[in-house]
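Enquirer: dropping the sequence and predicted coords here.
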There are 2 protein chains.
Amino acid sequence: MMYTQLSKYITDRVAIGDDQLNVVLSHFKPLMLKKNEVINIIGHPARRMYFVNKGCLRVYFLKVDGNEVTRRFAFENTFSTSLVSFISGEPLTEFTKAIEATELLYISRDDFYRLLDVIPAWEKFYRNYLEFAYVTNTKRLQSFATQDATERYKLLLKENPHYVLRLSNKLVANYLNISQEALSRLKSKI
Amino acid sequence: MMYTQLSKYITDRVAIGDDQLNVVLSHFKPLMLKKNEVINIIGHPARRMYFVNKGCLRVYFLKVDGNEVTRRFAFENTFSTSLVSFISGEPLTEFTKAIEATELLYISRDDFYRLLDVIPAWEKFYRNYLEFAYVTNTKRLQSFATQDATERYKLLLKENPHYVLRLSNKLVANYLNISQEALSRLKSKI
DNA sequence: TAAAAACGTTGATCTGCATCAATAAATCAA
DNA sequence: TTGATTTATTGATGCAGATCAACGTTTTTA
């Protein structure tokens, strides 16, 4: 059933009673996306937190020259939102697009924050999510600041080989913040 | 008195009773640093969270070629720790050094986490801290991924002019992840 | 307060990766 | 299935910013 993965995801991370879990789950609604569908509007605040049941989301921002830079992918069994905007209420600066047919569950920002006050396990769950997001983000920042393109690629191969297996070279290159030509060349030299 | 700034910092951010606040404060101990003193050991986990009363900390990591990259500065009235290690318990990958004579208060990691379970306002305070750290980090990542050196410098001037006023060019350049020569040149062209 | 060290600026040269272009291969759409 | 679009590779060229070097200025240290 549609909520199986989400239930498991939550109960794997925090201790929560069945009744409380059901309250949480009751605020999630399904959403189906076609390939290449975009689910947010730049300039508006982020109003939803998504859970990926199936498929994959790509979160990216635009440079002034119009080029895209990938910030993050969200594969199956991960939460995704534009967290900066979700937290601060500031307008979004990044797009979220399905890179294949994707099945989501989402909760509204209002419901999400309301649950934090009502369900202590949810506050703990959120803290966990924030910590994980911070760690991931920082490691990515460190990689950009200290490694060249080849080193970043090797690190990706080591830490997240499924990225390279599942995504096109173009998307991998974009995630590494290099051109696809550069990725093609550095791969031929390894 | 030494705890005035910290008290204000906390009560500005969360609602907390005097008794609970005093419990929190009682776990903080003072620490004085000389200029250029380093307060952590790479390879060990981060065991303390610091609050800067006076002075300034610089957090940086080393590239394989031995060059330093500044991750963050912590001026007066900010908390600082190597949060990835503090969260995960993994060994530290970054140094923290006082760039001038600095006066700190610190709480041990154990005490910090114990307070989370005992004092609900502290859990809220931590959530707040995590959110802020995430937002700052993400904006920095976005700046690196989408802007060239001149744009990054202009953004810094706009958002954090006191960085440029207070820090040497060498440190500003390092924070922007460019050489001091490059910073010198781009400044002369603005 | 003198010697030493660190900092800031400018010039010359080098390099990693971007961009542009051409072509072949793979994928998509009707 | 065929034509159209997108992707992957390889070559040629350009450029932002690194590195090395020289020199004057400021700061630190003894």
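Expert: Structure's in. What do you need? Numbering: from 1, shown residues only, chains lettered A, B, ... in the order given.
Enquirer: and chain A, which of its residues are near chain B?
Expert: Residues of chain A lying close to chain B by CB under 8 Å from any CB of the partner chain are A:61-64, A:69, A:71, A:83-84, A:87-88, A:93, A:123, A:126-127, A:130-131, A:133-135, A:137-142, A:144-146, A:177. (Each C-beta comes from the backbone N, C-alpha and C, glycine too.)
Enquirer: what subset of the residues you listed is buried?
Expert: A:61, A:69, A:71, A:83-84, A:87, A:93, A:123, A:126-127, A:130-131, A:133-135, A:137-138, A:140-142, A:144-146, A:177 (16 or more other CB atoms under 10 Å in any protein chain shown).
Enquirer: re the thing from before, now, the residues of chain A next to chain B that are in helices?
Expert: Among the residues of chain A next to chain B, the ones falling in helices (DSSP state H) are A:83-84, A:87-88, A:123, A:126-127, A:130-131, A:133-135, A:137-142, A:144-146.
Enquirer: can you narrow the residues of chain A next to chain B down to the ones near DNA strand C?
Expert: Contacts with DNA strand C within the residues of chain A next to chain B, counted by CB under 7 Å from any atom of the strand: A:Asn177.
Enquirer: in stretch A:2-16, what counts as buried?
Expert: Using 16+ other CB under 10 Å as the test for burial, stretch A:2-16 gives A:Tyr3, A:Gln5, A:Leu6, A:Ser7, A:Ile10, A:Val14, A:Ile16.
Enquirer: okay, the fourth one and A:Val14: tell me how far apart.
Expert: Yep, that's A:Ser7 we're talking about. Going from A:Ser7 to A:Val14 by CB to CB, to the nearest Å gives 12 Å.
Enquirer: up against DNA strand D, what does chain A have?
Expert: So chain A meets DNA strand D at A:Ser168, A:Asn169, A:Lys170, A:Gln180, A:Glu181, A:Leu183, A:Ser184, A:Arg185, A:Lys187, A:Ser188 (CB under 7 Å from any atom of the strand).
Enquirer: which of these are buried?
Expert: With burial judged by 16+ other CB under 10 Å, the buried subset of these is A:Leu183.
Enquirer: ok, the residues of chain A next to DNA strand D vs DNA strand C, which is closest?
Expert: A:Glu181 (4.1 Å; CB to the nearest atom of the strand).
Enquirer: now the helix or strand hosting the closest one: how far from the chain's centre is it?
Expert: Assessed by DSSP states H and E, A:Glu181 sits inside helix A:180-188. Centroid separation for helix A:180-188 versus its chain: 26 Å, with CA atoms, centre = their mean, to the nearest Å.
Enquirer: show me what that helix is packed up against.
Expert: Helix A:180-188 sits against helix A:149-159, helix A:169-175, with contacts defined as 3 or more CB pairs under 8 Å, 6 or more residues apart in numbering or on different chains; DSSP states H and E.
Enquirer: need the CA coordinates for the last one. CSV is fine.
Expert: The C-alpha trace of helix A:169-175 is given here as CSV (Å, rounded to 0.1, in the frame of the first residue of the first chain):
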residue,chain,number,x,y,z
ASN,A,169,26.4,11.4,-17.8
LYS,A,170,24.9,14.8,-18.3
LEU,A,171,23.2,14.7,-15.0
VAL,A,172,26.2,13.3,-13.2
ALA,A,173,28.4,16.0,-14.7
ASN,A,174,25.9,18.7,-13.7
TYR,A,175,25.8,17.3,-10.2
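Enquirer: using TSV, lay out the helices and strands packed on helix A:180-188 together with distance to DNA strand C and mean pLDDT.
Expert: Output for those, formatted as TSV (distance: least, CB to the nearest atom of the strand, whole Å; pLDDT from 0 to 100):
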stretch	distance to DNA strand C	mean pLDDT
helix A:149-159	4	97
helix A:169-175	8	97
